[in-house]
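Asks: got a predicted model here, sequence first, then my questions.
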Amino acid sequence: MKLFITGATGVLGRRVVAGLLAQNHEAVGLSRSAKNQELLANLGAEARQGDIFDAAQMKSLSADCEGIIHLATAIPVESKFRKRDWLLNDRLRTEGTRNLLDAALTNGHQLYIQESVCFIYGDQQGRPLTEAAAIGNDLLFSVQSSVPMEQMVADAHTQGLSTINLRFGNFYGPDAGHTQMMVDMIKKRKMPVTGDGQYKWSMIHVDDAASAVVQAVTHRAGNGGKTFNICEDEPAPFGEMMDHLAELVGKKRPMRIPFWLAALALGRAPARFLTTSLNCVNDLAKERLHWQPAYPSFREGAKTLV
Ligand SMILES: NC(=O)c1ccc[n+]([C@@H]2O[C@H](COP(=O)([O-])OP(=O)(O)OC[C@H]3O[C@@H](n4cnc5c(N)ncnc54)[C@H](OP(=O)(O)O)[C@@H]3O)[C@@H](O)[C@H]2O)c1
């Protein structure tokens, strides 16, 4: 299948391009910069220059493809963040998704895959969450735009486009900016654990996130209109993960600080984000996409980080 991939030069996209090419698909990667187009060419993909916010360009650039995979993000890589730091990412989720869905509908594509996030469930206090769980009603500003984004994808399915929505857990990987920041902070003993650290985080190694996208392309038949949780098998308490990471880099167990102190140091939203408890269930993706994470837990995947 010939696929038009946005975010093809990002941490997930690069792996998706490689995975699709290995399965004999054709990968057409979008990038705004000449440097990143060279990166795509080196991966063996066809690079096309353009910007997601140019609707007409998205239609023409994807016209000869059979499907679109929307993986572009603009997530701030900082421990402190404010609402304005997320505005570009919000636009990619809303205006960007609109442009790409219109392109796929206009061009009569067979498939559209959307990157979404498990954070859309909000803080559900660690109870197991399948895709049938309700969307959270007190979502952080960093997640709110994923609600209209998913709605647009669902609407496009009713208009005849076969869509697959992938809700990813929290990415980690050796080349992921947030992971590098976390490892660096642990090495410098500047990464505290907020509260008791017992809240669970549903993680996903970026290699496994990419293999799920490739499996969604391969097993697209019969899965149009569906949403899948793409996360590890055994979400662990955040404190346990940080202790394990510290052990791997030969540092002491990170200190525990109260929530009010984290809120004072980082801002209330990042502190809330850090203590969100998510325990997502990936059974549906295993069953219908025939996907299996190579790293079933953070403990397994953390070995790739150091
Ligand atoms: N679920 C999660 O936890 C999750 C999900 C996504 C990302 N993240 C994290 O966020 C951090 C940043 O991710 P990353 O390294 O992939 O980001 P990145 O290097 O900034 O890549 C973002 C991708 O989006 C594309 N893009 C952005 N705006 C675009 C536009 N207007 N038009 C066309 N393409 C556009 C970029 O293309 P060009 O720059 O080549 O044009 C690039 O391919 C990492 O730490 C990652 O782990 C986490």
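Replies: Alright, I've got the coordinates. Numbering: from 1, shown residues only.

Asks: use CA for all of it now, contacts and neighbours both
Replies: Will do.

Asks: pretty sure Val17 is in a helix, no?
Replies: Yes. Val17 forms part of a helix when assessed by DSSP: H, G, I helix; E, B strand; the rest coil.

Asks: point out where this protein drops to low pLDDT.
Replies: Applying pLDDT under 70 to the chain flags no residue at all.

Asks: what about the helices in the stretch 51-200 of the chain?
Replies: 55-61, 87-91, 97-106, 141-144, 146-158, 177-187 (DSSP state H, counting those that start in this stretch).

Asks: of those helices, which is nearest Asn223?
Replies: helix 146-158 (11.1 Å; C-alpha to C-alpha).

Asks: who are the packing partners of the closest one?
Replies: For helix 146-158, the contact count by 3 or more C-alpha pairs under 8 Å, 6 or more residues apart in numbering; DSSP states H and E identifies helix 97-106, strand 111-117, strand 163-168 as packing neighbours.

Asks: which bits of this structure sit near the ligand?
Replies: With the criterion set to C-alpha under 6 Å from any ligand atom, the chain comes near the ligand through 6-12, 31-33, 36, 51-53, 72-75, 77, 117, 168-172, 176-178.

Asks: once you drop chain neighbours, what's closest to Gly301?
Replies: Tyr295 (5.1 Å; C-alpha to C-alpha, 6 or more residues apart in numbering).

Asks: hang on, the earlier thing: show me which of the residues of the chain next to the ligand are buried.
Replies: Using 16 or more other C-alpha atoms under 10 Å as the burial test, the residues of the chain next to the ligand include 6-12, 31, 36, 52-53, 72-74, 117, 168-172, 176-178 as buried.

Asks: circling back: can you redo the helices of the stretch 51-200 of the chain as a markdown table with distance to Ala285?
Replies: Below are the helices of the stretch 51-200 of the chain laid out as a markdown table (distance: least, C-alpha to C-alpha, whole Å):
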| stretch | distance to Ala285 |
| --- | --- |
| helix 55-61 | 29 |
| helix 87-91 | 26 |
| helix 97-106 | 23 |
| helix 141-144 | 22 |
| helix 146-158 | 18 |
| helix 177-187 | 25 |
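
Asks: check these for me and report the most buried one.
Replies: helix 97-106 (a mean of 22; mean count of other C-alpha atoms under 10 Å).

Asks: which ones among the buried ones among the residues of the chain next to the ligand are found in strands?
Replies: Thr6, Ser31, Val117, Phe168, Asn170, Phe171, Tyr172 (DSSP state E).

Asks: widest-spaced pair of the residues you listed?
Replies: So, these by C-alpha to C-alpha: farthest apart are Ser31 and Asn170, at 23.9 Å.

Asks: just to revisit the earlier point, quick one: closest of the helices of the stretch 51-200 of the chain to Ile113.
Replies: helix 146-158 (8.9 Å).

Asks: now do that closest one against strand 163-168, angle only.
Replies: Angle of helix 146-158 versus strand 163-168, following axes from the mean of the first three to the mean of the last three C-alpha atoms, to 10 degrees, is 150 degrees.

Asks: export only the CA atoms of helix 146-158, formatted as CSV.
Replies: The C-alpha trace of helix 146-158 is given here as CSV (Å, rounded to 0.1, in the frame of the first residue of the first chain):
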residue,chain,number,x,y,z
SER,A,146,-7.6,15.2,21.2
VAL,A,147,-11.4,15.0,21.9
PRO,A,148,-12.5,17.1,18.8
MET,A,149,-9.7,15.4,16.8
GLU,A,150,-11.1,11.9,17.6
GLN,A,151,-14.6,13.1,16.8
MET,A,152,-13.5,14.4,13.3
VAL,A,153,-12.0,11.0,12.6
ALA,A,154,-15.2,9.2,13.7
ASP,A,155,-17.3,11.5,11.5
ALA,A,156,-15.1,10.8,8.5
HIS,A,157,-15.7,7.1,9.0
THR,A,158,-19.4,7.7,8.7
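
Asks: so what touches that helix?
Replies: With C-alpha atoms under 8 Å, 6 or more residues apart in numbering as the test, helix 146-158 has contacts from 90, 93-94, 97-98, 101, 105, 114, 116-117, 120, 163, 165, 224-225.
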